[in-house]
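Participant: below: sequence and its predicted model.
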Amino acid sequence: MIDSKPTFTPVTQPFLPPLDEFRPYLEEIWRRKWVTNNGMFHRQLEEQLCEYLGVEHLSLFANGTLALITALQAMKITGEVITTPFSFVATTHALHWNGIKPVFADIDRVSMNLDPEKIEAAITPQTTAILPVHVYANPCDVDRIETIADTYGLRVIYDAAHAFGVRIRGRSILEYGDMSVLSFHGTKVFNTFEGGAIICRDAKTKRRIDNLKNFGFVDETTVVAPGINGKMNEVQAAFGLLQLKHMDHVNTERARIDERYRKAFRNVRGLALHEVPEHCTRNYAYFPLLVTPEFPVSRDDLYEELRAHQIAARRYFYPLISEFPMYRGLPSSGEHNLPVATALSRQVLCLPIFPDLEESAQEQIIEIVLSCAWRNRCAS
Ligand SMILES: *Cc1c(COP(=O)(O)O)cnc(C)c1O
């Protein structure tokens, strides 16, 4: 087959191990004819992920959004929940699907995560929980959030969809809060095509979550809660087991790409990089670039310039969740309440980063960005 189209570079691409390596897993499923409902691969993946991530209680899900929705159900969260507008829309949708009122608080300029002071200011008698996001896998201020939660008697559920494998001072980031939720979608660092997980603190809670993701069944004839179908199937779980074997390669390649971008953009006037504190490990899930007003061209012009060269950089997270039609009428959605999030969502541009990104493609991306930095306007 001859492909004469110019090569298209997506912002991310799932890592797919050699197909031959997957065949034995499929043969095993065909032989056993057990395709879902806590199968052998499902159990193995839960075990191996606990070990890899350094957590004790993990429940697999069909996707991250169902995991978020179920986490809120499992803790019977109601009323108001404080969350960030600077995230993927599923974070707030999960509240909406539980009949919970989202309350947006502004983010910190450096971490781009919920600002603890703004969380505290948003608490009302109706507040029951906080739903922060470790955006771009950069840890939230977990210690201050814990203090606030303890002081006001609030639950904390972390949307850790970006934060696979991240540790703070050697401890898994997933061990903070009452629960954490992962996504294994194809665009994430570790993927099972679609998939997700809830990490919780004790075996009893895991049992409750496992019941909820299987319609509320505890045995053949007993239904104890209005559950949902959130189960991960055996093909997904098998792929996860294979993917886990390749995580060293995935991490090394991502780190290499991240380092090349950092070197190229470190001292460019008008560009700011997202820095992660020393005591936190990184997973190189995203490469967000802040295109500030000092840069010769706007964020959107740089985005268009890359698009013109078949490079799909993405404006994550623009628009803010609070700007979508179903949320913009909320009292907390006003721009005056979210000045930092609003400013950053108009400056941020995520550049392509994934294990199979060719060096030549990355060089081209760097060249285009630098050509915009050097000239007063983009060369077209
Ligand atoms: C990807 C993502 C989700 C949703 O996960 P799915 O597995 O796609 O349902 C939720 N929150 C954030 C922050 C995400 O990036």
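Facilitator: The structure has been received and is ready for your questions. Residues are numbered from 1 along each chain as shown.
Participant: C-alpha from now on. contacts and neighbour counts both.
Facilitator: Will do.
Participant: where does the prediction get shaky in the protein?
Facilitator: 1-6, 376-380 (pLDDT under 70).
Participant: and the strands in it?
Facilitator: Under the criterion DSSP state E, strands of the chain are mapped to 57-61, 80-83, 101-104, 127-131, 155-159, 167-168, 171-172, 179-183, 196-200, 271-273, 287-291, 348-351.
Participant: from the contact counts, what lies against the fifth one?
Facilitator: Right, strand 155-159. When contacts are defined as 3 or more Cα pairs under 8 Å, 6 or more residues apart in numbering; DSSP states H and E, strand 155-159 packs onto helix 64-74, strand 127-131, helix 142-152, strand 179-183.
Participant: what about 7 Å?
Facilitator: Other helices and strands packing on strand 155-159, by 3 or more Cα pairs under 7 Å, 6 or more residues apart in numbering; DSSP states H and E, are strand 127-131, strand 179-183.
Participant: ok, the fourth one next?
Facilitator: The contact analysis (3+ Cα pairs under 7 Å, 6+ apart) places strand 127-131 against strand 80-83, strand 155-159.
Participant: repeat that with 10 Å
Facilitator: When contacts are defined as 3 or more Cα pairs under 10 Å, 6 or more residues apart in numbering; DSSP states H and E, strand 127-131 packs onto helix 64-74, strand 80-83, helix 90-96, strand 101-104, helix 142-152, strand 155-159.
Participant: neighbours of Gln310, how many?
Facilitator: Other residues near Gln310 number 15, with proximity taken as other Cα atoms under 10 Å.
Participant: and if you look at the one 4 residues further on?
Facilitator: Applying other Cα under 10 Å, we find 19 residues neighbouring Arg314.
Participant: show me what contacts it?
Facilitator: The neighbours of Arg314, taking Cα atoms under 10 Å, 6 or more residues apart in numbering as the test, are 10-12, 288, 303, 306-307, 348-352.
Participant: please repeat the previous calculation with a cut-off of 6 Å.
Facilitator: 349-350 (Cα atoms under 6 Å, 6 or more residues apart in numbering).
Participant: what parts of the stretch 151-300 of the chain come near the ligand?
Facilitator: Residues of the stretch 151-300 of the chain that fall close to the ligand, judged by Cα under 6 Å from any ligand atom: 159, 161-162, 183-185, 194-196.
Participant: what would the residues you listed look like in JSON lines with neighbour count?
Facilitator: What follows is these, written out as JSON lines (neighbours: other Cα atoms under 10 Å):
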{"residue": "Asp159", "neighbour count": "27"}
{"residue": "Ala161", "neighbour count": "26"}
{"residue": "His162", "neighbour count": "26"}
{"residue": "Ser183", "neighbour count": "31"}
{"residue": "Phe184", "neighbour count": "25"}
{"residue": "His185", "neighbour count": "19"}
{"residue": "Glu194", "neighbour count": "17"}
{"residue": "Gly195", "neighbour count": "28"}
{"residue": "Gly196", "neighbour count": "27"}
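Participant: okay, angle between the longest helix along the chain and strand 287-291 too, please.
Facilitator: Longest helix in the chain by number of residues (criterion: DSSP state H): helix 247-265. Orientation check (axes from the mean of the first three to the mean of the last three Cα atoms, to 10 degrees): helix 247-265 against strand 287-291 gives 20 degrees.
Participant: show me which positions of helix 247-265 end up buried.
Facilitator: 247, 250-251, 253-255, 257-258, 261, 265 (16 or more other Cα atoms under 10 Å).
Participant: over to stretch 136-143?
Facilitator: Of the residues in stretch 136-143, those buried under the neighbour-count criterion (16+ other Cα under 10 Å) are 136-142.
Participant: kindly report the same for stretch 28-42.
Facilitator: 29, 35-36, 38-42.
Participant: residues in contact with it?
Facilitator: Stretch 28-42 is contacted from outside by 233-234, 237-238, using Cα under 6 Å, 6+ apart.
Participant: ok now it, how far from the chain's centre?
Facilitator: Put simply, stretch 28-42 sits 28 Å off its chain's centre (Cα atoms, centre = their mean, to the nearest Å).
Participant: thank you kindly, that will do.
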